[in-house]
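K.L.:
What would the 3D arrangement of this be:
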Amino acid sequence: MDNANDEIDMEVVEPEDAESDMESGSDNEEDADDDGETPKEPKQVYLPGQQLAEDEELVCDESAYVMLHQASTGAPCLSFDILPDELGTGRETFPMTAYLLAGTQAARTHVNNLIVMKMSNLHKTQDDDDADEDDEELEDDQDEVADKSELKKPQMTCALIKHQGCVNRVRARRLGNTVYAASWSELGRVNIWNLSQQLQAVEDAQLLKQYEQQSASNDSTMSRPAFTFSGHQQEGFAIDWSASAEGVLATGDCRRDIHIWSPLEDGTWKVDQRPLLGHTASVEDLQWSPNERSVLASCSVDKTIRIWDCRAAPQKACMLTCENAHESDINVISWNHTEPFIASGGDDGFLHIWDLRQFKTQKPIATFKHHTDHITTVEWNPNEATVLASGGDDDQIALWDLAVEKDADQAQAPAQNEEELSKLPPQLLFIHQGQKEIKELHWHPQLPGVMLSTAHSGFNIFRTISV
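P.N.:
The predicted model follows:
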């Protein structure tokens, strides 16, 4: 697509180079030989922030993952969303398939794209002692394929949409039988896109070829959004579709304004030109209540978290405010799908859990200071009410289970790690590493326990043994 393909180099690769759930070991470690010389030093669990010796390197403990794959898109995609599919919910059979939408932040503004991706043939990467069902299915092909791993190679098919300006953030939602996406552009516009043609294209090679030829045409309508709103005074990042009111959208900008969108019968949207009044600085994230149609949460650089009732007039819509919820900018919030809890993460590295029934106390019910840099993403597991994940600029994703309590009878850690491990909160289940400057993570709602994350270094799609 013009020069766009110069910026996009798509591939899905195996995790041999990943630095995830790290163990540390010396380069000169060797197995003990028959004479009993040079016994191998035991591996240690690596914790972020530890200094490595010159002869040590980080090695991924692949046994901690049921599945771990990586994907590269050339130009970094710092925002993405998982696209709903019709393959069913609760899918745990391998190989897996996932659809997602990502937006690029290329060096050249005019070559940015939205990318509709189909990731398929995502096999389990953990070795089992027993024969895998996957292996049994492949037995008939072993005579024809020298290397069975070729049959397990993951695949990624992509359909690109030209996008004016870098994509600050993108969110998707199925409305009726159609999947739509909303994208925030660095140029200050919010666009709505109909993804029907792109989703059809990634399913069929011939359709994809036709799509690429048509979209390369300068007069093509395929690269035009279904609707555009240019009423924000500045660019922004905050955007969210309502889960309970079909087609309703909220967008927030770096000035401080939040606008509410309502769908119209003609396939367009009515955007209330009157912004919600309350924040005094950039609105960084928005989250609609999962079950109350008119209730919205927001967080801001002004260090507040606000709860809004959008049925009221914009100047009176703010119902609750938590002042100084963090010590600095609040970057992200996530609303629990089944419980009245909101998680928030900020530049201060704190992860706070708020109970909306106690919001007026201005105090979180739980606080975790594990991250050593800005928290840039947080999300509750849609299938496990007590489980959430957080990630950030310290190059790690932390998995948490708030239902876990410290067990006084639990086995002691090895002596060399005992002191460090004892400092970790018992709710911390897992630390995933290997990506640089993590920007967003999402749990896949139809693939239990599967997570996807994006960073400057690319995408990861994985499932750990802990969730």
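K.L.:
use CA for all of it now, contacts and neighbours both
P.N.:
Will do.
K.L.:
where does this structure dip in pLDDT?
P.N.:
By pLDDT under 70, the weakly predicted segments of the chain are 1-58, 128-149, 218-222, 407-422.
K.L.:
for it, which helix is longest?
P.N.:
For the chain, the helix with the greatest residue count under DSSP state H is helix 205-215.
K.L.:
how far does the helix or strand that that one is followed by sit from the chain's center?
P.N.:
Note on helix 205-215: by DSSP states H and E, the next helix or strand toward the C-terminus is strand 227-229. Relative to the centre of its chain, strand 227-229 is centred 25 Å away, using Cα atoms, centre = their mean, to the nearest Å.
K.L.:
Describe which strands strand 227-229 pairs with in its sheet and in which direction.
P.N.:
strand 190-194 (antiparallel) (DSSP bridges).
K.L.:
name the helices or strands packed onto the longest helix of the chain?
P.N.:
Packing contacts for helix 205-215, counted by 3 or more Cα pairs under 8 Å, 6 or more residues apart in numbering; DSSP states H and E, involve strand 155-162, helix 196-201.
K.L.:
Show me which of these has the highest average neighbour count.
P.N.:
By mean neighbour count, with neighbours taken as mean count of other Cα atoms under 10 Å, strand 155-162 ranks first of the helices and strands packed on helix 205-215 at a mean of 21.
K.L.:
Would you mind identifying the next helix or strand past it?
P.N.:
Strand 155-162 is succeeded, C-terminally, by strand 167-175 (DSSP H and E).
K.L.:
correct me, but Gly88 touches Gln446?
P.N.:
Yes - with contacts counted by Cα atoms under 8 Å, Gly88 reaches Gln446, the gap being 6.9 Å.
K.L.:
So for these two, which residue has more residues nearby?
P.N.:
Neighbours per residue, other Cα atoms under 10 Å: of Gly88 and Gln446, the larger number sits with Gln446, 20 against 9.
K.L.:
JSON lines for the helices and strands packed on helix 205-215, including distance to Ala243?
P.N.:
Conversion of these to JSON lines gives the following (distance: least, Cα to Cα, whole Å):
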{"stretch": "strand 155-162", "distance to Ala243": "25"}
{"stretch": "helix 196-201", "distance to Ala243": "20"}
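K.L.:
closest one to Glu440 among these?
P.N.:
strand 155-162 (19.6 Å; Cα to Cα).
K.L.:
Roughly how far does Ala366 sit from Ile342?
P.N.:
11 Å (Cα to Cα, to the nearest Å).
K.L.:
overlap in contacts of these two?
P.N.:
Jointly contacting Ala366 and Ile342 under the rule Cα atoms under 8 Å, 6 or more residues apart in numbering are 353-354.
K.L.:
Which one's more surrounded, those two?
P.N.:
Neighbour totals were compared for Ala366 and Ile342, and Ile342 leads with 23 against 12 (other Cα under 10 Å).
K.L.:
Just give the nearest non-adjacent residue to the more buried one, would you?
P.N.:
Closest residue in space to Ile342, ignoring its immediate chain neighbours: Trp335 at 4.5 Å, by Cα to Cα, 6 or more residues apart in numbering.
K.L.:
ditto for Asn291
P.N.:
With sequence-adjacent residues excluded and distances taken as Cα to Cα, 6+ apart, Asn291 is closest to Ser244, at 6.0 Å.
K.L.:
next one: phi and psi at Val289?
P.N.:
Rather than Val, residue 289 is Ser. With angles defined as degrees, to the nearest 10, Ser289 sits at phi -60, psi 140.
K.L.:
That one and Glu246, how far apart?
P.N.:
From Ser289 to Glu246 the distance is 13 Å (Cα to Cα).
K.L.:
quick revisit: number of nearby residues for the residue nearest to Ile342?
P.N.:
That count, for Trp335 with other Cα under 10 Å as the rule, works out to 23.
K.L.:
thinking again about what came up before, in which helix or strand would I find the residue nearest to Asn291?
P.N.:
Per DSSP H and E, Ser244 falls between elements, in no helix or strand.
K.L.:
Now for it, how many residues are close by?
P.N.:
Ser244 has 14 nearby residues by other Cα under 10 Å.
K.L.:
Can you verify my assumption that it contacts Arg293?
P.N.:
Yes - Ser244 is in contact with Arg293 according to Cα under 8 Å; the separation is 5.5 Å.
K.L.:
thinking again about what came up before, any idea which of the helices and strands packed on helix 205-215 gets closest to Arg174?
P.N.:
helix 196-201 (10.5 Å).
K.L.:
Distance from the chain centre to the closest one, please.
P.N.:
For helix 196-201, the distance to the chain centre is 22 Å (Cα atoms, centre = their mean).
K.L.:
And for it, what's in contact with it?
P.N.:
Residues contacting helix 196-201 (Cα under 8 Å, 6+ apart): 116, 159-160, 178-179, 207-209, 211.
K.L.:
can you rerun that using 10 Å?
P.N.:
83, 85, 99-100, 115-118, 157-161, 177-180, 195, 207-212, 222 (Cα atoms under 10 Å, 6 or more residues apart in numbering).
K.L.:
so where do the strands sit in the stretch 251-400 of the chain?
P.N.:
With strands called from DSSP state E, counting those that start in this stretch, the stretch 251-400 of the chain shows them at 258-263, 269-271, 283-288, 295-300, 305-309, 318-322, 330-335, 341-346, 351-355, 366-368, 375-380, 387-392, 396-401.
K.L.:
thinking again about what came up before, so between Ser289 and Glu246, which is more surrounded?
P.N.:
Set Ser289 next to Glu246 and count neighbours by other Cα under 10 Å: Ser289 wins out with 22 against 15.
K.L.:
The more buried one and His352, how far apart?
P.N.:
18 Å.
K.L.:
Check Gln214 too.
P.N.:
Here the distance between Gln214 and His352 works out to 48 Å (Cα to Cα).
K.L.:
These two: which is more packed in?
P.N.:
More neighbours surround His352 than the other of Gln214 and His352, with 20 against 16 (other Cα under 10 Å).
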